[in-house]
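K.L.:
Here is my input, please return the structure:
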Amino acid sequence: MGGNPGKGSRGRPAEPPPPPPPPRRGTGVLTRVKSAVAGLVGGLVAGGGSTGTGTGPPGSDTPLRFPYARPYFLGLSPDEVECSADHGARPILILKETRRLPWATGYAEVINAGKSALNEDQACCEVVVARRRPMSYCPTSTPSRTPSTQRRNSLPNGETLGLRPEYGRLGEDGEGLAFHYWALFDGHAGWGVAVAAARLLQHHIAGQLQPVMDVLRDRRSPPPAVMGEEPEGPAHLTGPAHLQGPAHLTGPAPPTSTQRYFTEKKIQHESLVVGAMENAFKEMDAQIEREKQAFSISGGCTALAVVSLLGKLYGYMQPYLLGNEFTHLEFPRRVQRKEVGKRMLYRDFTMSGWAYKTIEDDDLKFPLIYGEGKKARVLATIGVTRGLGDHDLKVHDSNIYIKPFLSCCPEVRVYDLWQYEHGADDVLVMGTDGLWDVLSSREVADAVAAFLSNCDPDDLHRYTMAAQDLVMRARGVLRDRGWRIGPERLGSGDDISVFIVPLMYGNRQL
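P.N.:
Residues are numbered from 1 along each chain as shown. Sure thing, here's the model as predicted:
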């Protein structure tokens, strides 16, 4: 069968094919890396396509505390939620209707490049009312959401995008104390805690503000030291005689039922709001720990929350049980066995500088904080020290829990809206790590200022478009070498969520 071989070819051995051209240096390695990443992303998407509406992780019968969802104000359908989880295209999601959020707030988000199957960021923006009467939820179990008619009846309305007439001075209505609330939650090791915090944290804040509503409204009098006690001026000195002045200088003691020593601390009204937020975070973390016994609430999250109340913005910017495997000391690098007995640079948690110490056997233990900058890890496991959740997280291959080294208490900063007259371009930018890992504060400020300067000040969509532009800058463009901001600069492969809040509406509220 087959054709007749050519003349002179019978009996000759077949000539070997010419060798392939040598591959370019690094091409094989790059191809293998690309294949591995593609396989990983494909596996994540295939294995994580569920939107979380049933039970917990595979093999677990524990029900979910809350189903997975994107922020309600995006108004996404189930099909749109599924399309938004495209790790290859990474579409940027923005508000469909600017009037959905108060103060014409802009919002945009994008999913990660394959780090997790779903977007683990969550966002919340509401107007919450702390009622004078007992609230209808129990903070220790399952707080119920404020009815939408109460949450949204002060959303932007009318030509000025201000508040409805009955909420012209929001926060001072007769029924309760209302506040604006924005929050971003950056989940890790799962989305469960981020979703729960986005649903519940604002109710814990309202519950903590409820007992001090009347005190906050009375701005002329300092907060009383004892609830229900009439606030007084500076207390009269009634300490030991040798610390008091002559009788003719001090005068008679005021007719009070209780004699106080020295003066009471002057507590500002804003300190009550800060304390309410701090306690709300603690309650939220405690509720997650309790409910993990009955529900599937995966992972943990960091939180960035801002409350606008009575003319001020309150923003959360946010060791023991070391076992016998870690050391609280920090060294320039990992100590080796051969260096025992030598003197090496070190510092502990009380030092800002460095000194030399003689290395001992205990110094061979793994450091409590390992790495530097963005690569620093607590117990070589987690890269954050503040957040919610992570109650079950342990050090790899050990029984040491990491939660005792993490804090759920926020760091709260106060910004007085009354001190400045804000214009259309004065904004507050809130973002998750996906933004700040690749862009500096100066770059973000310059980008937002440049974008808004080219927009019509009366355009209601300018803040949403600015948020979209910021997310696009941080994400970058997909090229042969992945997502890039520039030729030599990597874009963010993390989930990115951004709020841009114009502050001029805070002045209109005053």
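K.L.:
Using the three-state scheme, assign Y346.
P.N.:
Here Y346 is recorded as strand under DSSP: H, G, I helix; E, B strand; the rest coil.
K.L.:
From what I see, it and T358 are in contact.
P.N.:
No: taking contacts as Cβ atoms under 8 Å, Y346 lies outside contact range of T358: 9.9 Å. Glycine gets a C-beta too; all of them are placed from N, C-alpha and C.
K.L.:
Do a quick rundown of the helices in the stretch 151-300 of the chain.
P.N.:
Secondary structure of the stretch 151-300 of the chain by DSSP state H, counting those that start in this stretch: the helices cover 192-209, 213-217, 247-250, 269-291.
K.L.:
okay, the ones you listed, which one's buried deepest?
P.N.:
helix 192-209 (a mean of 25; mean count of other Cβ atoms under 10 Å).
K.L.:
So what's the model's average confidence on that one?
P.N.:
Mean pLDDT, helix 192-209: 92.
K.L.:
And for the residue nearest to A294 when sequence neighbours are not counted, the neighbour number?
P.N.:
Leaving out its chain neighbours, the residue that sits closest to A294 by Cβ to Cβ, 6 or more residues apart in numbering is T62, at 7.5 Å. Neighbour count for T62, taken as other Cβ atoms under 10 Å: 14.
K.L.:
where's T62 relative to V477, distance?
P.N.:
Per Cβ to Cβ, to the nearest Å, T62 is found 41 Å from V477.
K.L.:
Could you do D61 as well?
P.N.:
Distance of D61 to V477, computed by Cβ to Cβ: 44 Å.
K.L.:
Between these two, which is the more surrounded one?
P.N.:
Between D61 and V477, V477 has the larger neighbour count (other Cβ under 10 Å), namely 11 against 7.
K.L.:
Phi first, then psi, for the closest residue to L74 other than its chain neighbours.
P.N.:
Counting by Cβ to Cβ, 6+ apart, the nearest residue to L74 once its immediate chain neighbours are dropped is L93, at 6.0 Å. Note on L93: backbone dihedrals following degrees, to the nearest 10 are phi -100, psi 140.
K.L.:
quick one on the thing from earlier: neighbour count winner among Y346 and T358?
P.N.:
Taking neighbours as other Cβ under 10 Å, Y346 and T358 compare with Y346 leading, 20 against 11.
K.L.:
Bridged to the more buried one, which residues?
P.N.:
Counting by DSSP bridges, Y346 forms beta bridges with A355.
K.L.:
Could I get the pLDDT score of it?
P.N.:
Y346 is assigned a pLDDT of 71 by the prediction.
K.L.:
Ok, S271 next?
P.N.:
Looking at S271, its pLDDT stands at 86.
K.L.:
nearest residue to it other than its sequence neighbours?
P.N.:
Once flanking residues are discounted, S271 sits nearest to P223: 7.8 Å by Cβ to Cβ, 6+ apart.
K.L.:
same check, this time on A198
P.N.:
The shortest distance from A198 to any residue other than its chain neighbours is 4.0 Å, reached at Q122 (Cβ to Cβ, 6+ apart).
K.L.:
quick one: that neighbour is in a strand?
P.N.:
Yes: counting by three-state DSSP, Q122 falls inside a strand.
K.L.:
Touching, it and L184? I think so.
P.N.:
Yes: using Cβ under 8 Å, Q122 makes contact with L184 at a distance of 7.4 Å.
K.L.:
circling back: for V498, find the nearest of the helices of the stretch 151-300 of the chain.
P.N.:
For V498, the closest of the helices of the stretch 151-300 of the chain is helix 192-209, at 15.6 Å, according to Cβ to Cβ.
K.L.:
That closest one to helix 269-291, inter-axis angle?
P.N.:
Angle, helix 192-209 to helix 269-291, by axes from the mean of the first three to the mean of the last three Cα atoms, to 10 degrees: 140 degrees.
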